[in-house]
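Peer 1: with the sequence up front, the predicted model follows.
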Amino acid sequence: MRSLLKLKFQQLRNSLRRGERKKYVLFLLLGLFFVLVLGFFFNKIFGYLAGVEEFPEVFRLFLVEKLLMMIFMTLFSMLLLSSLLTSLDVFFISRDLHFLFTTPMPLRSAFAWKMLETGVYSSAMVVFFSLPVLFFYCRWFAPGVGQALQVLLAFLLFIASGVLAGIALGMIIPAFFSVRRLQPVLSVFSIILISSIVVFLRLLRPERFLEPGEIDNVLRYMGSLDVRALYYFPFSWLAKSLSLVAGGQAAAYWRTIGLFALLVAALLALVSLFRRTLYLQLFDKLNRGGRGYFKSSWHPWDLANDTRMLRRKEVKAFLRTPAQWSQLLIVGALVAVFVINMKMIPLPHPSVKNFVSYLNLVMAVFIVAGLNSRFTFTSVPGEGPGQVHLFSAPFPKAAFFRFKLWFHLLPQLFIGFSLYVLGDLALRFDAFTRVIALVFLAPAIVFLTVLALTLGIETNETNPLSPEHVIVSKQGVSYMLWSMIYVVAGMLFLVRPVGVYYWHLFTRRATPWLEIVAWFAGFLLVNALLIAYYYRRGRRAWLAREL
Amino acid sequence: MLEIKGLKKNFGKRQALKDVTFSLAAGEIYGLLGPNGAGKTTTLKVLAGLLAPDGGSVIVEGRKYHREDHELKKRIAYVPDQPFLYYKLSGEEHLNFFMDLYRIPYARRREQSDFFFKYFEFEEYRGELVENYSAGTRQKLLISQALAVQPRLLLLDEPLVSIDPLVGKKFKLYLKEVASKGTAVLFATHILSLAQEVCRRIGIIVDGRVIVQGGLAELMALAGQDSLEEFYFQTVLRHEKPAEA
């Protein structure tokens, strides 16, 4: 185990030394941003609950407990699913398994190591997002050091129970289903869960919690919720433990902790039993391979078209990789939130909807930028080792570059304009706003797609571990930064013509169309130059590529 | 068929190919032998269009070859030293895709596909995704797709890695058959017994240069050696220690 731990540290150290520091710093910054936002939100809620004098303390603690139960229920579902997915990967699919099993390391040690890996990978996100909840709960309800330690103990047992439950399920499921087929299905399921949570949270309208009166209504509603079945779950016990710590009920707290510890011990014993009786058999079963059938289609009329076989290959590979197409579910959730935002934004004056239309444009372009990062940027590196055939075959490389561009550009244009149209249908923007959309959206989408494709080629990656591995490369981070700068700069550039138009409209003066058209022309010219530059750069990099 | 003169290739400061010169006639099976890192794979990659040379010339069928010459590339097929494949395609789809890239006429494609899946004994994996193939089955697919396009010049880099002896035997027989029909085969391998069995001419490349080449039987007779293995060791060691030789 010590050797494996040392190996992990060396890998981490090497990746930091080899210039992957920026990736970790970026992740840390993004994570801190989310934690701060969550922290602000929970500080507000807990602060209100701790301070509201109309409620007796017992009722306040009861409400807090209900709130915590809902939060930890969400986190527990995420933890369980994450642990299940990770254990299927770590125990059955991971590339180092064949290596580990051929060494003199005892199976028990290898298994324990894998359990540790599963625990760390699957719980990292849950722990990260729980930090603001626990921190501000302790601040308002359990400020003592001893109380904080009690909260920490209960939380650690909660995490352990979730991880072990996931591992136990991960040991049983392969007995009935093929792991290779199941893992992508579960990944899709987790994406659906995340997407549903995103939409659900938006529907809850969290902006209401900035109003004290609204908090009051929501909490009274929560207080009326009482589902007995939920009391038997670890998330309920954790919420209860935290409530008991705040109430100073030590005996009841330790009884709950005892229950937690018993659960963890039972799960540990179960996992140990599965290791002794099931694990190696299931590992052998997995290595026997699958029995799928994918029939090739033979179309003689396809020969005339240069790129039809590439299109078919792309579509087949995309549809057969759940990790790829399931991302569109998250996009669907973002679109749903986008539409909800359009409907729910308060409009103090009808003219404000034109301002909303610009937000609409910005959001549409951000979504397109995100899609480009996920799909267009990873497209050429994602060809993987198969690039050898594209290079060695009598297929023009320039045609392949053009194909990749059109294949990603057309759907992006469709999505970008659809998002704009959805907003327009909800709010009915004026004609000038629609012209702005045309002037801004089309070149923005083209530029972002060309930029993503070019930077993706410049990663020089020919066998990535996963799309995420490519996205967090130096070029991936560059793409994210440049796309954000572009969007902001584009919006700032258009402030002048938009401002000029509406100023003259409201002051009932003649609109200086020449000036407005000149600004639009300038915007289009700058975009044309940027697009031409990155197109040529990408094409050159692709044609000069060596394998 | 193929004429290489003074081929050079650098990777940064490292000169992978310093001066590679040899030729190959139609219908000939030429074995390119040499120690690890000598430049065999790099030579094949230049010919396959994966790398651009830094010097020298490559003439294929009397025409100067460069990697964007798609007309010439239609006559060249390459089997890489590792199974580079699209994992989310089935074997049949992969073969179809490859023949599509070479514009193989429709009438011949189905026939070629049926033949090679049966000939190399992996018919039952036809509809299976490549990601589920064993290393040997992936290699069979690679060989099948290169042979299916009926090239005039066939570039093979360790083609029998992970292949079982029976299928290996079939492959050698098929190779001799395509050579007899006029296809030139450039065969890079470490397996000297294989080279001795299959190749008519050989070239030994060491440190980016072809140090000896010629007819296999003639070279061995000249050196007074009975086996290619002895000849190879003698040649390579002499090159590495010229003073002692």
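Peer 2: Noted; the coordinates are in hand. Residues are numbered from 1 along each chain as shown, chains lettered A, B, ... in the order given.
Peer 1: so who does residue A:505 touch?
Peer 2: The contact partners of residue A:505, by Cβ atoms under 8 Å, 6 or more residues apart in numbering or on different chains, come to residue A:511. C-beta here means a position set from N, CA and C on the backbone, and glycine is covered the same way.
Peer 1: so what pLDDT did it get?
Peer 2: We note a pLDDT of 82 for residue A:505 in this prediction.
Peer 1: which SSE is immediately downstream of the helix or strand that contains it?
Peer 2: If you go by DSSP states H and E, residue A:505 is part of helix A:474-506. The element immediately downstream of helix A:474-506 (helix or strand, assigned by DSSP H and E) is helix A:513-544.
Peer 1: that following helix packs against which elements?
Peer 2: Helix A:513-544 makes packing contacts with helix A:397-427, helix A:431-458, helix A:474-506 when contacts are defined by 3 or more Cβ pairs under 8 Å, 6 or more residues apart in numbering or on different chains; DSSP states H and E.
Peer 1: what is the neighbour count of residue A:468?
Peer 2: Taking other Cβ atoms under 10 Å in any protein chain shown as the neighbour definition, residue A:468 ends up with a count of 12.
Peer 1: secondary structure element for it, which one?
Peer 2: Residue-wise, residue A:468 maps onto helix A:467-471 under DSSP H and E.
Peer 1: average pLDDT for that helix?
Peer 2: Averaged over helix A:467-471, pLDDT sits at 74.
Peer 1: next: stretch B:18-37.
Peer 2: On average, the pLDDT along stretch B:18-37 is 92.
Peer 1: report the buried residues of it.
Peer 2: Within stretch B:18-37, the residues that qualify as buried by neighbour count (16 or more other Cβ atoms under 10 Å in any protein chain shown) are B:18, B:20, B:22-24, B:28-35.
Peer 1: which SSE is immediately downstream of the helix or strand of chain A with the lowest mean pLDDT?
Peer 2: Across the helices and strands of chain A, the lowest-confidence element by mean pLDDT, DSSP states H and E is helix A:212-223, at a mean of 59. Remark: after helix A:212-223, the chain's next helix or strand is helix A:234-247, criterion DSSP H and E.
Peer 1: pLDDT score for the closest residue to residue A:384 other than its chain neighbours?
Peer 2: In space, residue A:384 comes closest to residue A:463 once its chain neighbours are excluded; the distance is 5.4 Å by Cβ to Cβ, 6 or more residues apart in numbering or on different chains. For residue A:463, the pLDDT comes out at 71.
Peer 1: cool, and residue B:147?
Peer 2: pLDDT, the model's per-residue confidence, is 95 for residue B:147.
Peer 1: gap between stretch A:156-166 and the chain center?
Peer 2: Mean-position distance between stretch A:156-166 and its chain equals 23 Å (Cα atoms, centre = their mean, to the nearest Å).
Peer 1: again, but for stretch B:225-233
Peer 2: The gap between the average C-alpha position of stretch B:225-233 and the chain average comes to 22 Å, counting by Cα atoms, centre = their mean.
Peer 1: now do stretch A:324-341
Peer 2: Using Cα atoms, centre = their mean, the distance from the centre of stretch A:324-341 to the centre of the chain it belongs to is 11 Å.
Peer 1: so which bits of it are buried?
Peer 2: Of the residues in stretch A:324-341, those scored as buried under the neighbour-count criterion (16+ other Cβ under 10 Å) are A:324, A:326-331, A:333-339, A:341.
Peer 1: between these, which sits nearest residue A:531?
Peer 2: Minimum distance to residue A:531 across the buried residues of stretch A:324-341 is 23.9 Å, recorded for residue A:331 (Cβ to Cβ).
Peer 1: which ones are touching the closest residue to that closest one other than its chain neighbours?
Peer 2: The shortest distance from residue A:331 to any non-neighbouring residue, by Cβ to Cβ, 6+ apart, is to residue A:371 (6.4 Å). Listed by Cβ under 8 Å, 6+ apart, the contact partners of residue A:371 are A:331, A:412, A:415.
Peer 1: ok, residue A:422 touching residue A:338?
Peer 2: Yes - counting by Cβ atoms under 8 Å, residue A:422 touches residue A:338, with 7.3 Å between them.
Peer 1: contact partners of the helix ranked longest in chain B?
Peer 2: Longest helix of chain B, by residue count under DSSP state H: helix B:165-180. By Cβ under 8 Å, 6+ apart, the list of residues contacting helix B:165-180 from outside reads B:27-29, B:119-121, B:136, B:140, B:143, B:147, B:150, B:154, B:159-160, B:163, B:185, B:194, B:197-198.
Peer 1: can you tell me which of those residues are buried?
Peer 2: By neighbour count, with 16+ other Cβ under 10 Å, the contacts of helix B:165-180 hold B:28-29, B:119-120, B:136, B:140, B:143, B:147, B:150, B:154, B:159-160, B:163, B:185, B:194, B:198 as buried.
Peer 1: could you break chain B into its assigned domains?
Peer 2: Taking automatic domain parsing as the criterion, chain B consists of the domains B:1-75+B:152-245, B:83-150.
Peer 1: number of residues surrounding residue 131?
Peer 2: Picking chain A for this. Each residue near residue A:131 was counted by other Cβ under 10 Å, and the total is 14.
Peer 1: hmm, I had chain B in mind actually
Peer 2: Per other Cβ under 10 Å, the neighbour tally for residue B:131 reads 17.
Peer 1: isn't it right next to residue B:90, touching?
Peer 2: No - proximity of residue B:131 to residue B:90 does not meet the contact threshold set by Cβ under 8 Å, at 9.9 Å.
Peer 1: residues in a beta bridge with the residue nearest the centre of chain B, which ones?
Peer 2: Within chain B, one residue has its C-alpha closest to the average C-alpha position: by Cα atoms, centre = their mean, that is residue B:156, at 1.7 Å. Taking DSSP bridges, one obtains residue B:79, residue B:187 as the residues bridged to residue B:156.
Peer 1: the helix holding residue A:505 to helix A:513-544, inter-axis angle?
Peer 2: Helix A:474-506 and helix A:513-544 meet at an angle of 170 degrees, taking axes from the mean of the first three to the mean of the last three Cα atoms, to 10 degrees as the criterion.
Peer 1: next, the angle helix A:431-458 makes with helix A:474-506.
Peer 2: Angle, helix A:474-506 to helix A:431-458, by the same axes, to 10 degrees: 170 degrees.
Peer 1: need the residues touching each of residue B:131 and residue B:90.
Peer 2: Listed as contacting both residue B:131 and residue B:90 by Cβ under 8 Å, 6+ apart is no residue at all.
Peer 1: which residue ranges of chain B form strands?
Peer 2: Applying DSSP state E to chain B gives strands spanning B:2-11, B:14-24, B:29-33, B:55-60, B:63-64, B:76-79, B:153-157, B:184-188, B:201-206, B:209-215.
Peer 1: of those, which approaches residue A:88 most closely?
Peer 2: Shortest separation from residue A:88 across these is recorded for strand B:76-79, at 34.9 Å, computed as Cβ to Cβ.
Peer 1: on that earlier part again, pull the longest helix of chain B out as CSV, backbone CA atoms only.
Peer 2: The C-alpha atoms that make up helix B:165-180 are tabulated as CSV, following Å, rounded to 0.1, in the frame of the first residue of the first chain:
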residue,chain,number,x,y,z
PRO,B,165,1.2,-19.3,-35.8
LEU,B,166,-1.6,-20.7,-37.9
VAL,B,167,-2.9,-17.3,-39.0
GLY,B,168,0.7,-16.2,-39.3
LYS,B,169,1.4,-19.0,-41.8
LYS,B,170,-1.7,-18.0,-43.8
PHE,B,171,-0.5,-14.4,-43.8
LYS,B,172,2.9,-15.4,-45.2
LEU,B,173,1.3,-17.5,-48.0
TYR,B,174,-1.0,-14.6,-48.9
LEU,B,175,2.0,-12.2,-48.9
LYS,B,176,3.9,-14.4,-51.3
GLU,B,177,0.8,-14.6,-53.5
VAL,B,178,0.3,-10.8,-53.7
ALA,B,179,4.0,-10.4,-54.4
SER,B,180,3.8,-12.9,-57.2
